[in-house]
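>>> Build me a structure from this.
(one chain, ligands or ions: 1)
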Amino acid sequence: MNNHLVSREEAALALDLFEEFINEQSFQLILQCHDRICELLKIRPSVFLDFYPALKKSLNNWKANTLWSKLDKRAQQKVYEGGRACSGKKVLIIGAGPCGLRSAIEAQLLGAKVVVIEKRNDFSRNNVLHIWPFVIKDLMHLGVKIFFGKFCVGSINHISIRQLQYVLLKVALCLGVEVHSGVSLEGLVPPDVDDPDAGWKACIQPEDHPVSQFEFDMIIGANGKRAVFDGFKRKEFRGKLAIAITANFVNNRSEQEACVEEISGVAFIFNQKFFNDMCEQTGIDLENIVYYKDDTHYFVMTAKKHSLLWRNVLHNDYPDTQTLLAPENINREALYEYALEAAMFATNYQLPEDIAFAYNHHGEPDVAMFDFTSMFASENACRIVERNGKQLLMALVGDGLLEPFWPTGSGCARGFLGCFDACYMLKRWASGEKTPLEVIAERESIYRLLAQTTSENLCKDLASYTLDPRTRYPNSNSRKVLPIHVRHLYDTDRPE
Ligand code: FAD
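Numbers count the residues shown, from 1 in each chain. This next block holds a predicted model:
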């Protein structure tokens, strides 16, 4: 890729557009802005070494240079082998949630050709995520402050899902990742038996989208908690009935709002008086509540069933949670009242009296109620399928791999660790030094650690984290699972 034919005017225009790109707050507009920059600079999303140096060379001002110095530092980590560790490998990533985009960044830095497809056309989730210290450090190293100056300036560390997606999307695009919106995975197409050069392809919607012609060696399922591939059995963990409510209110950033204190997580067992008083005064009975002041005023709480019935949020009591929380059994107006009153009580009525709900992507007040009695984890983190001499490395990351329990704030943290582990597996596989079964066994050994991680038991030197699991997990044992244990995860049509 070269861009020596760019005129001064084109370069100046691209720099102006880069400023827009940095500030843009819409999935579509970010993609469009990036397209126009690429057009002006006569470059196209490609592998890291073909794209990033050309972009960097053309865009010079203090902001761009600050970003380049951060990304250069990351790219220089030994593990990426100068952007050549996975040269020639092609990766398709399903989903542009935080974990799909975080995986895309790593696979791109390893030198693979990376394509992300996202079925939605916008990022609309207001919900705010509490993040662990290593995630903050990680985002800082990727230049989050250039894109979102207000990152972690409050008393509690958090970021809205939407904002996190914008930041990661922008970083991924700057590195050369190809991202397509409104494109959904429907299935996999094995290599054509009549064509010895054919590789694995995806069956997607819309059918005639160019991505349907993309041939890839690895596919990463980052599509949230719903299973997208065959071959990944899910284990269910059932706890006692747990009903969560999230509510987002408009943050007008007034002086009054600025004074309201955030709540990092008040659980019944730690502050029984607070919850008893709330129940006595309002009839709202909660097990815990969290409040973060971010782009919105965000509340998440676990409500007790009897109080939802008493306040008429639920019309009828049913033993089966699905019927209990079915839309027909929910009185939305009563739910809004419940969420508003809980928010007001919890903040000591300091929020403005006329505070309004933020809206969700359906144009309705952004209040949701859902069941998290059951949580799922995949039994395996990866598998390899071989057809017609072509191996496909399949991996899950994020909620699809291990669904988090929201009160621990572990979603993005364990999510990102899983992304790093999946990309490390890509590197090991690409090196050709290990057999497919050895690669799978190593990945599954590391996966055994994930559910036990806490922000306290990870390696303390956060600045030294790399894709190599040994830099992150203090007791990593890559031989816990042996190749003999994972034969079922290597599905080949090759005769023995
Ligand atoms: P998602 O964010 O779900 O992204 C998946 C993406 O894939 C979506 O954009 C979707 O549109 C797309 N997609 C789906 N199917 C397809 C397809 N077939 N083709 C193409 N695209 C597809 N985590 C924290 O770290 N801290 C917290 O404080 C926290 N609080 C939470 C509170 C609540 C109430 C809940 C429910 C969750 C909370 N979490 C928290 C968890 C956190 O939201 C998730 O862990 C995180 O969003 C997972 O990211 P992901 O990329 O795996 O999946």
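>>> Which residues of the protein lie near the ligand?
Residues of the chain lying close to the ligand (CB under 6 Å from any ligand atom) are 94-100, 117-120, 127, 129-131, 161, 184-185, 222-224, 228, 244, 246, 300, 398-399, 404, 406, 409, 411-413, 415. All C-beta atoms are positioned from the backbone trio N, CA, C, and that covers glycine.
>>> Going through those residues, which ones are buried?
94-100, 117-120, 127, 129-131, 161, 184-185, 222-224, 228, 244, 246, 300, 398-399, 404, 406, 409, 411-413, 415 (16 or more other CB atoms under 10 Å).
>>> mind giving me the domain split of this protein?
81-234+378-492, 240-372 (automatic domain parsing).
>>> Turn those into a markdown table, columns for mean pLDDT.
Formatted as a markdown table, the domains of the chain follow (pLDDT from 0 to 100):
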| stretch | mean pLDDT |
| --- | --- |
| domain 81-234+378-492 | 95 |
| domain 240-372 | 94 |
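>>> most tightly surrounded among these?
The highest mean neighbour count among those, using mean count of other CB atoms under 10 Å, belongs to domain 81-234+378-492: a mean of 20.
>>> helices and strands around the helix or strand hosting Met278, which ones?
In this assignment (DSSP states H and E), Met278 forms part of helix 272-282. The elements that helix 272-282 packs onto, with contact taken as 3 or more CB pairs under 8 Å, 6 or more residues apart in numbering; DSSP states H and E, are strand 286-293, helix 332-346.
>>> Let me have these in a markdown table, adding distance to Val486 as columns.
Converted to a markdown table, the helices and strands packed on helix 272-282 look like this (distance: least, CB to CB, whole Å):
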| stretch | distance to Val486 |
| --- | --- |
| strand 286-293 | 39 |
| helix 332-346 | 46 |
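>>> Between these, which one is closest to Asn477.
Evaluated over these, closeness to Asn477 peaks at strand 286-293, with 34.8 Å, by CB to CB.
>>> Which of the three states applies to Val115?
The assignment at Val115 comes out as strand when based on DSSP: H, G, I helix; E, B strand; the rest coil.
>>> For Arg383, see how far away it is.
Using CB to CB, to the nearest Å, Val115 is found at 21 Å from Arg383.
>>> so which residue of the stretch 251-400 of the chain comes closest to the ligand?
Residue nearest to the ligand within the stretch 251-400 of the chain (CB to the nearest ligand atom): Gly398, separated by 2.1 Å.
>>> Tell me who's in contact with the residue nearest the centre of the chain.
Taking CA atoms, centre = their mean, the centroid of the chain lies closest to Pro98, which sits 1.9 Å from it. Pro98 sits next to 161, 164-165, 168, 398, 412, 415-416 when contact means CB atoms under 8 Å, 6 or more residues apart in numbering.
>>> Can you tell me how far it is from Ser476?
23 Å.
>>> Not counting residues beside it along the chain, what's closest to the closest residue to the ligand within the stretch 151-300 of the chain?
Scanning the stretch 151-300 of the chain for the residue nearest the ligand gives Gly224, at 2.8 Å (criterion: CB to the nearest ligand atom). Among residues not flanking Gly224 along the chain, Asp399 sits closest, at 5.1 Å (CB to CB, 6 or more residues apart in numbering).
>>> I'd guessed the one you found sits against Val228; true?
No. Using CB atoms under 8 Å, Asp399 makes no contact with Val228, being 11.5 Å away.
>>> Please name the nearest non-neighbouring residue to Pro45.
Once flanking residues are discounted, Pro45 sits nearest to Glu178: 4.1 Å by CB to CB, 6+ apart.
>>> Tell me if I'm right that the one you found and Cys38 touch.
No. Using CB under 8 Å, Glu178 makes no contact with Cys38, being 10.4 Å away.
>>> Now do the shared contacts for these two.
Pro45.
>>> on that earlier part again, just the ones of the residues of the chain next to the ligand in strands?
Judged by DSSP state E, these include 94, 117-118, 129-130, 184-185, 244, 246, 300 as members of strands.
>>> and which of those residues is nearest Leu325?
Closest approach to Leu325 among these (CB to CB): Ala244, at 10.3 Å.
>>> partner residues bridging that closest one?
For Ala244, the beta-bridge partners under DSSP bridges are Thr302, Phe370.
>>> Alpha carbons of the lengthiest helix in the chain, in PDB - could you do that?
Across the chain, the helix with the greatest residue count (assigned by DSSP state H) is helix 411-431. Extracted C-alpha coordinates of helix 411-431, given in PDB (Å, rounded to 0.1, in the frame of the first residue of the first chain):
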ATOM      1  CA  GLY A 411     -18.000  -8.700  32.000                       C
ATOM      2  CA  CYS A 412     -15.400  -6.600  30.200                       C
ATOM      3  CA  ALA A 413     -12.500  -7.800  32.400                       C
ATOM      4  CA  ARG A 414     -12.900 -11.500  31.800                       C
ATOM      5  CA  GLY A 415     -14.100 -10.600  28.300                       C
ATOM      6  CA  PHE A 416     -10.900  -8.900  27.400                       C
ATOM      7  CA  LEU A 417      -8.800 -11.600  29.000                       C
ATOM      8  CA  GLY A 418     -10.600 -14.100  26.800                       C
ATOM      9  CA  CYS A 419      -9.900 -12.000  23.800                       C
ATOM     10  CA  PHE A 420      -6.200 -11.900  24.500                       C
ATOM     11  CA  ASP A 421      -6.200 -15.700  25.100                       C
ATOM     12  CA  ALA A 422      -8.000 -16.300  21.800                       C
ATOM     13  CA  CYS A 423      -5.600 -14.200  19.900                       C
ATOM     14  CA  TYR A 424      -2.600 -15.800  21.600                       C
ATOM     15  CA  MET A 425      -4.000 -19.100  20.400                       C
ATOM     16  CA  LEU A 426      -4.100 -17.600  16.900                       C
ATOM     17  CA  LYS A 427      -0.400 -16.800  17.200                       C
ATOM     18  CA  ARG A 428       0.500 -20.300  18.400                       C
ATOM     19  CA  TRP A 429      -1.500 -21.900  15.600                       C
ATOM     20  CA  ALA A 430       0.000 -19.600  13.000                       C
ATOM     21  CA  SER A 431       3.500 -20.300  14.100                       C
END
